[in-house]
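Q: Provided below for reference: sequence and predicted model.
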Amino acid sequence: MNGAVRLPLLKLDIALSRMRTADALLYRHGRDPIDIAIAHTGRGEWCHAAMYEQGKDGPHVCDVSFSGGGRRSLFDDVRKYPGVIEWFEANPDDRWPHFDRERAIARMREFEGCTYGWWSIFRIALRHLPWINLFLPIPPDDDYAKYPPVCSEAVSISYRAGGVDPIPYLADRLSEPDDLAHSLFLNSKALLIP
């Protein structure tokens, strides 16, 4: 973890008794060059953002990945990426009593079947280039409907639909996994293992 804070490893079966729908799942980069590039460009350890949903047929990951918006088994992801998926509790200690988890996850499910926001990735990458970023306008928060979202944008939009802006003063379409990891709205709990 490159000198990062060492988190406890927690078996998924135990974590599920504590997790709540609309908690965040942030994936730390492994050895994949694309994941490393995303994490390092985003100034952190995280390369992907998703939401947890306790469905009738089991625990799910709801996200927008390179293959588009979808929903899949959390058991499968934790087996595939042991110790990589970091569980973040949304709304720790219920500090935002108006937050509606069901509205947030319902908004996240609306991204199922959408394409990935490749254009958004390009726009975010441009903002990391010296001098280029000086000439780019600051987008308003609500200007995301024109393009398909990236993972962290979809999560930010969904939390906003639930009543809380997880990253104040940053447009949803500019949010990155690292921004979510440092949000006061999310509290890191553990890395999940099978």
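A: Nice, I can see it.

Q: Contacts only, for the closest residue to Pro149 other than its chain neighbours.
A: Once flanking residues are discounted, Pro149 sits nearest to Gly117: 4.8 Å by Cβ to Cβ, 6 or more residues apart in numbering. The way it works is simple: take the backbone N, C-alpha and C, and place the C-beta from them, glycine included. Listed by Cβ atoms under 8 Å, 6 or more residues apart in numbering, the contact partners of Gly117 are Val64, Tyr147, Pro148, Pro149, Val150, Glu153.

Q: Could you check how far the closest residue to the first one other than its chain neighbours is from Asp77?
A: Right, the one you point to is Val64. Once flanking residues are discounted, Val64 sits nearest to Ala154: 4.4 Å by Cβ to Cβ, 6+ apart. Using Cβ to Cβ, to the nearest Å, one obtains 16 Å as the distance from Ala154 to Asp77.

Q: higher neighbour count, those two?
A: Ala154 (29 against 21; other Cβ atoms under 10 Å).

Q: Which neighbouring elements make contact with the helix or strand harbouring that one?
A: Using DSSP states H and E, Ala154 falls within helix 151-161. With contacts taken as 3 or more Cβ pairs under 8 Å, 6 or more residues apart in numbering; DSSP states H and E, helix 151-161 sits against strand 46-55, strand 58-65, helix 101-109, helix 177-181.

Q: ok, 6 Å please
A: When contacts are defined as 3 or more Cβ pairs under 6 Å, 6 or more residues apart in numbering; DSSP states H and E, helix 151-161 packs onto strand 46-55, strand 58-65, helix 101-109.

Q: Now tell me what touches that helix from outside.
A: Contact partners of helix 151-161, identified using Cβ atoms under 6 Å, 6 or more residues apart in numbering, comprise 48-49, 51, 63-64, 103-104, 107-108, 111, 166, 172-173, 175-177, 180.
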